[in-house]
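Visitor: Sharing a sequence plus its predicted fold:
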Amino acid sequence: MKTGVCGRIQQILAALLPLSTTRVIINTQDYETNMVAVSRSPVLITFTTWKALFLREAVNRLSAGRAAWLWLLLEPVLHIVFMLFVFTVIRMKSVGGIDVIIWLTVGFLSFFMFKNTGVQTMNAIGANQALFTYRQVKPVDAVLVRGGLEGFLTILVAIIMFAGVGLFGKSITPNNPLATLEAALGLWLFGLGFGLSTSVLKEMIPELGKIIALLMTPLYLFSGVIFPLSTIPQPYRGWLMLNPVPHGLEAARLSFSPYYQIIPETSISYLYAWALISIFIGLALQMRFANQLIMK
């Protein structure tokens, strides 16, 4: 009888052991699955994708051609040197109460913060079309990352150029650094919003990219980069100030000297309003035409 009871217990344990082992294995697999899910959350996947895109964009941007990295610095330098020569010929040493070198340098760098961000992000979708076969990469990711890269590169160029200007004995320290950052951020956000919108429109209508590139030249001339808009009489100056870019340029110049005679119509809020509206429209277009951009 005792032997029969012991044998029965052994049979029950033998039957339960595989179930226990299986349950432990299942629980272990569930734990590993949960850990993978936590470690690969949507936020982490997004930032990992952005990091990979940023590194790829940086390598392509700096090695696109012979001495491509050097051209990033030479382009604004050549513009400034040429205009400085013109101002020297006409014997003009200050503009609106600020040194002409600082006036030109701040103006060019501020405009390039908008222009480079806007134009480069406009071409981001076409340049990264092959990457959209990976489901983690969306067209909007390519635009946002390229916009961030252009802002970063413009800041590096600005630091190098202001250091060079300082070697000539010019004061390169902003009187109001926070106002300088505010103006630069506003121009960058406007450029980003511009790129978010035009990148979609360019893919839908390829000819539009050429038209936008042509419009950059008059925008360059009428944004107060190479001549002061304060010399233009009303009502024409008011029409030119409908463009949000001059508001950022004037705010940046004022941040370097409190004595700068800023254009009365200047409003940094106007620049930020345009920036936020353009970003909203750009993101809406990116979401609306996401599938078409991927399948194009």
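Guide: Received, thanks. Numbering: from 1, shown residues only.

Visitor: For Tyr260, see how far away Lys115 is.
Guide: With distances taken as C-beta to C-beta, to the nearest Å, Lys115 is found 22 Å from Tyr260. C-beta: built from backbone N, CA, C; applies to glycine.

Visitor: These two: who's more crowded?
Guide: Lys115 (22 against 19; other C-beta atoms under 10 Å).

Visitor: Skipping adjacent residues, who's closest to that one in space?
Guide: Of all residues not flanking Lys115 in the chain, Met216 sits nearest, at 6.3 Å (C-beta to C-beta, 6 or more residues apart in numbering).

Visitor: tell me, how many neighbours does that neighbour end up with?
Guide: By other C-beta under 10 Å, 14 other residues sit near Met216.

Visitor: Thought Met122 was touching it, still the case?
Guide: No: the pair Met216 / Met122 is not scored as a contact, 10.3 Å apart, by C-beta atoms under 8 Å.

Visitor: and Ile262, what element?
Guide: If you go by DSSP states H and E, Ile262 is not part of any helix or strand.

Visitor: So which residues of the stretch 1-150 of the chain form strands?
Guide: 94-95, 98-99 (DSSP state E, counting those that start in this stretch).

Visitor: Mind telling me which of these the model trusts least?
Guide: Of all the strands of the stretch 1-150 of the chain, strand 94-95 carries the lowest average pLDDT, namely a mean of 78.

Visitor: now what about that one, what contacts it?
Guide: Here strand 94-95 makes contact (C-beta atoms under 8 Å, 6 or more residues apart in numbering) with Val100, Trp103, Pro228.

Visitor: Going through those residues, which ones are buried?
Guide: Buried members of these, scored by 16 or more other C-beta atoms under 10 Å, are Val100, Trp103.

Visitor: what about Thr180, how many neighbours?
Guide: A count of neighbours around Thr180, defined by other C-beta under 10 Å, yields 21.

Visitor: Please state the offset of the host helix or strand of Glu203 from the chain centre?
Guide: Using DSSP H and E, the element containing Glu203 is helix 177-204. Between the centre of helix 177-204 and the centre of its chain there are 7 Å (C-alpha atoms, centre = their mean, to the nearest Å).

Visitor: what is the mean pLDDT for it?
Guide: Mean predicted lDDT for helix 177-204 stands at 94.

Visitor: Kindly report the same for stretch 58-76.
Guide: For stretch 58-76, the mean per-residue pLDDT is 73.

Visitor: just checking, Lys170 touches Ile101?
Guide: Yes: using C-beta under 8 Å, Lys170 is in contact with Ile101, at 5.6 Å.
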